[in-house]
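> Structure for the following, please:
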Amino acid sequence: MSIDAVVWDIDDTLFDYTSADRAGMREHLAAEGLLDGATTVEQALARWREITDAQWVRYAAGETDWQGQRRDRVRVFLGQSLNDTEADAWFDRYVTHYEGAWTLFPDVLPALDTLVASHRHAVLSNSSLLVQDRKLRVLGVHDRFEAILCAAELGVSKPAAAAFHAACEALDLPPHRVAYVGDHPEIDGRGAADAGLLSVWIDRGGVHGAGRDGGTGPHRIGSLAELPAILGADTRFGAPSTFG
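Prediction:
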């Protein structure tokens, strides 16, 4: 069965979130005077990412809302009982530095250009439309996607099958005619496969293990240059996967 559409994750798939987060936080910590002899930049960055991951789990579980998880990230990181206004102001100052480091991965535009004539495109993100719609506009790729769906508005997040099926419904296509491309092996890779989509897990770091999962799980690639070959696109851009 042919694949008619590609649904994309955003953060660390299209957009280099990890690098932007680290660069932005590095500048923010320096501006806030939070780096001293007792805390190195790397220690502070690692703690920020650990807190971010933990608060995201709370948000995904419905234990807090979008703004609440941001405020709690600040409070836990600083170890201070800030009120909402204070926490929002601190986070907003961080965002200024973070947005200054926004960039697409270099393989994104070539992949989108290659697939534009052969496949439809949409986005499914475990974030909010307020954040991701603006991000795609700033990065210059918003108009590449005919549908942009986010967990905050859907009321369901990946890896739940309902999230992936919502994206398929937005395209008016059955799951087996849709591919999903994401960077997380479980949330994206296994989640999309279990929902019946052609699952493509992009592992740019190449550190998570080998191959596709038992023939029914995600196809693992190290670059979006490998995607057209998996989709069966008629193109010379794609290359055989180096991961099997």
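> Would you mind pulling up the elements that the one helix or strand in the chain whose mean pLDDT sits lowest packs against?
None of the helices or strands of the chain scores lower by mean pLDDT, DSSP states H and E than helix 41-60, at a mean of 87. With contacts taken as 3 or more C-beta pairs under 8 Å, 6 or more residues apart in numbering; DSSP states H and E, helix 41-60 sits against helix 17-32, helix 66-78. (Each C-beta comes from the backbone N, C-alpha and C, glycine too.)
> So which bits of it are buried?
Residues of helix 41-60 classed as buried: 44, 45, 48, 51, 52, 55, 56, 59, 60 (neighbour count, 16 or more other C-beta atoms under 10 Å).
> and it, how far out from the chain's middle?
Computed by C-alpha atoms, centre = their mean, to the nearest Å, the chain-centroid distance of helix 41-60 equals 15 Å.
> and the angle for it with helix 17-32?
120 degrees (axes from the mean of the first three to the mean of the last three C-alpha atoms, to 10 degrees).
> Identify all contacting residues around helix 41-60.
With contact meaning C-beta atoms under 8 Å, 6 or more residues apart in numbering, helix 41-60 is reached by 21-22, 25-26, 29, 34-35, 64-66, 68-70, 72-73, 76-77, 126, 151, 157.
> swap the cut-off to 7 Å and go again
Residues from elsewhere that reach helix 41-60, judged by C-beta atoms under 7 Å, 6 or more residues apart in numbering: 22, 25-26, 29, 34-35, 64, 66, 69, 72-73, 76-77, 126, 157.
> For this protein, which segments count as helices?
For the chain, the helices defined by DSSP state H cover 17-32, 41-60, 66-78, 84-99, 108-115, 129-138, 151-154, 161-171, 191-194, 227-231.
> if we can go back for a sec, could you dump the buried residues of helix 41-60 to TSV with distance to residue 139?
Formatted as TSV, these follow (distance: C-beta to C-beta, whole Å):
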residue	distance to residue 139
44	27
45	23
48	23
51	26
52	21
55	24
56	21
59	23
60	24
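> Among those residues, which one lies nearest to residue 192?
Set against residue 192, the nearest of the buried residues of helix 41-60 by C-beta to C-beta is residue 60 (16.3 Å).
> what separates residue 164 from residue 149, distance-wise?
Computed as C-beta to C-beta, to the nearest Å, the residue 164 to residue 149 distance reads 10 Å.
> mind giving me the domain ranges of the protein?
5-16+103-231, 17-99 (automatic domain parsing).
> Off-centre distance for the first one?
The gap between where domain 5-16+103-231 is centred and where its chain is centred comes out at 8 Å by C-alpha atoms, centre = their mean.
> For the remainder of this discussion, apply numbering that starts at 30.
From this message on, residue numbering opens at 30, which makes the last subject domain 34-45+132-260.
> and it, average pLDDT?
Mean pLDDT, domain 34-45+132-260: 93.
> Quick one: end-to-end distance for stretch 125-134.
20 Å (C-alpha to C-alpha, to the nearest Å).
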